[in-house]
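Colleague: next one to model:
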Amino acid sequence: MIRRLIAGVAGALMVTSIAVAIPASAVPAPAPAPTPQPVQAQEQVLKWVGGNVTDRYLEQPSTAVAGVTKIIFSNTEQTSTITHTLTFDTETPGYNHDVDLNITANPGDPAGGYYEATVTLTPGKYRFYCDFPGHTAMQGELTVTEGGPDETPPTVNATVTGTKDTNGNYVGKATVAVNASDAQSGVKSVEYQIDDQSWQPYTQPFDVTAIGDHSVQYRATDNANNVSPTGSTQFRVVEPPRDSTPPTVNATVTGDKDPQGNYIGKATVAITATDTESGVKSTEYKLDTGAWTPYTAPVEVTGNGMHMVSYRATDNANNVSPEGMVHITIVAPPDATPPTVNATVAGDKDPQGNYIGKATVTVTATDSQSGVKSTEYKVDSGAWTPYTAPVEVTAAGAHTVAYRATDNANNVSPEGTVNFTVV
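Modeller: Below is the predicted model:
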């Protein structure tokens, strides 16, 4: 859809004559002056050009003067089949929103991709862009001034920040930020130099670290090539006071504890170091009598028993903190799992699977936590008997051997059984 805002500007240039009294006998009476005719003001023309690219307009204006303006949007490149739009932003804060223009052009459309519209621009900034999907890089700003050539240079100032001593000197470094503005054609470039050295482009705040007195000069140029007067700011950078204070280091221990304060299974040690002057350069720790190790993350201590974790830190002035230490006792988690018990039966068998003359029962028990304290068995309805060696059953007939085990945490395994017949 093409929306054109057409506004006409007609200006009249009026000529005024001034009469001077002259004696009638001196000169003939002048002929009547012709009636002044209105003169049409020349319309401002701005042109945008699209082409066979989607990352920019091939041609676009950056400045204009307020008033009635003819907009030309040309997307006529014959080797291109790309559709572009010229759309003025009416939503983004900080821009003028009084021109509602959205032109779509393609070299193959009925107009051949060439369109004109007349709008009225007001002072400020407009944002324009291509609204076609995938063409978001095609955008720009149009700065509109009150009218007439821009003969006013930009306004430039600089600010210096940093840590100061009691005399107002900057300690270690000073950071200089330069700001430039131009309400008409806009700022084209900003430059600075340090201590009358060569000018260089300003792109971001910069640090001055050399010890001594300094003068920073700065200037800006606008899009009409007006150059601002050179500004200057002076300051002194002094050596920072030497850091003679070591870092502060602390350690915290976390983990599950038993009622006696021992850590169950593991303990995690986190070390923090701070230094308000030169800053922390490194933090180290060692476990028990091990070597000092760089600290990068909390340390887990897992071995059962008593442990010592030592720690220290060094700052950028190479001051080393006093060595700190935490004491930790690790105990095994409580064993709530009974042993695992199995039994096997061995001996000579007849074709029916009966054991001939005797059967030998072997019982095995394991416990991966507190360990096996005892293993027991019983034959048929007999009493439970401590198991110390494989058991031979020789009485003829059907038999049942039961077995169980107890660990050192007094967990008792479920009772197991094996059934067999001796013949």
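
Colleague: where does the stretch 51-200 of the chain have low pLDDT?
Modeller: Within the stretch 51-200 of the chain, the stretches with pLDDT under 70 are 147-148.

Colleague: all strands for it, in order.
Modeller: Counting by DSSP state E, counting those that start in this stretch, the stretch 51-200 of the chain has strands at residues 63-65, 67-74, 84-88, 102-105, 114-121, 124-129, 139-145, 155-161, 170-171, 174-181, 187-194, 200-201.

Colleague: tabulate those strands (JSON lines), appending distance to G324 and mean neighbour count.
Modeller: (C-beta placed from N, C-alpha, C; glycine too.) JSON lines is the format used below for the strands of the stretch 51-200 of the chain (distance: least, C-beta to C-beta, whole Å; neighbours: other C-beta atoms under 10 Å):
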{"stretch": "strand 63-65", "distance to G324": "66", "mean neighbour count": "17"}
{"stretch": "strand 67-74", "distance to G324": "73", "mean neighbour count": "20"}
{"stretch": "strand 84-88", "distance to G324": "65", "mean neighbour count": "23"}
{"stretch": "strand 102-105", "distance to G324": "69", "mean neighbour count": "20"}
{"stretch": "strand 114-121", "distance to G324": "70", "mean neighbour count": "17"}
{"stretch": "strand 124-129", "distance to G324": "59", "mean neighbour count": "18"}
{"stretch": "strand 139-145", "distance to G324": "58", "mean neighbour count": "18"}
{"stretch": "strand 155-161", "distance to G324": "37", "mean neighbour count": "16"}
{"stretch": "strand 170-171", "distance to G324": "31", "mean neighbour count": "18"}
{"stretch": "strand 174-181", "distance to G324": "36", "mean neighbour count": "18"}
{"stretch": "strand 187-194", "distance to G324": "45", "mean neighbour count": "18"}
{"stretch": "strand 200-201", "distance to G324": "49", "mean neighbour count": "10"}
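
Colleague: for stretch 266-276, buried residues please.
Modeller: Neighbour-count burial for stretch 266-276, counted by 16 or more other C-beta atoms under 10 Å, picks out K266, A267, T268, V269, I271, A273, D275.

Colleague: now the second one. Nearest residue, chain neighbours left out?
Modeller: Taking C-beta to C-beta, 6 or more residues apart in numbering as the measure, A267 lies nearest to G255, with 4.2 Å between them; neighbours along the chain are not counted.

Colleague: my guess is the one you found contacts K266. True?
Modeller: Yes - G255 is within contact range of K266, at 5.9 Å (criterion: C-beta atoms under 8 Å).

Colleague: please enumerate the helices of the stretch 251-400 of the chain.
Modeller: Assigned helices in the stretch 251-400 of the chain: none (criterion: DSSP state H, counting those that start in this stretch).

Colleague: for the closest residue to P107 other than its chain neighbours, which residues are in contact?
Modeller: Spatial nearest neighbour of P107, excluding adjacent residues (C-beta to C-beta, 6+ apart): G113 at 4.4 Å. Contact partners of G113, counting by C-beta atoms under 8 Å, 6 or more residues apart in numbering, are G50, S74, N75, T76, E77, A105, N106, P107.

Colleague: just give me the neighbour total for T283.
Modeller: 18 (other C-beta atoms under 10 Å).

Colleague: which residues does it form a beta bridge with?
Modeller: A313 (DSSP bridges).

Colleague: give the contact list for it.
Modeller: Counted by C-beta under 8 Å, 6+ apart, T283 has contacts V249, I271, A273, P294, Y295, Y311, R312, A313, T314.

Colleague: list the buried residues of stretch 400-411.
Modeller: Buried residues in stretch 400-411, defined by neighbour count with 16+ other C-beta under 10 Å: V401, A402, Y403, R404, A405, T406, D407, A409, N411.

Colleague: repeat that for stretch 48-66.
Modeller: W48, V49, G50, G51, T54, Y57, Q60, P61, T63, A64, V65.

Colleague: reformat those as a markdown table; add distance to L86.
Modeller: As requested, these are arranged in a markdown table below (distance: C-beta to C-beta, whole Å):
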| residue | distance to L86 |
| --- | --- |
| W48 | 5 |
| V49 | 10 |
| G50 | 8 |
| G51 | 13 |
| T54 | 14 |
| Y57 | 8 |
| Q60 | 9 |
| P61 | 11 |
| T63 | 17 |
| A64 | 14 |
| V65 | 19 |
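
Colleague: contacts for the helix or strand that N250 is a member of?
Modeller: Per DSSP states H and E: N250 is located in strand 248-254. Applying C-beta under 8 Å, 6+ apart, the contact partners of strand 248-254 are 263, 267-275, 283, 309, 311-313, 321, 324, 326, 328.

Colleague: likewise stretch 286-301?
Modeller: In contact with stretch 286-301 (C-beta under 8 Å, 6+ apart) are residues 263, 266-271, 282-285, 307-312, 328, 330.

Colleague: quick one: average confidence on that stretch?
Modeller: Mean per-residue pLDDT for stretch 286-301: 97.

Colleague: for that stretch, measure first residue to last.
Modeller: 11 Å (C-alpha to C-alpha, to the nearest Å).

Colleague: before we move on, what about stretch 354-372?
Modeller: In stretch 354-372, first residue to last residue: 32 Å (C-alpha to C-alpha).
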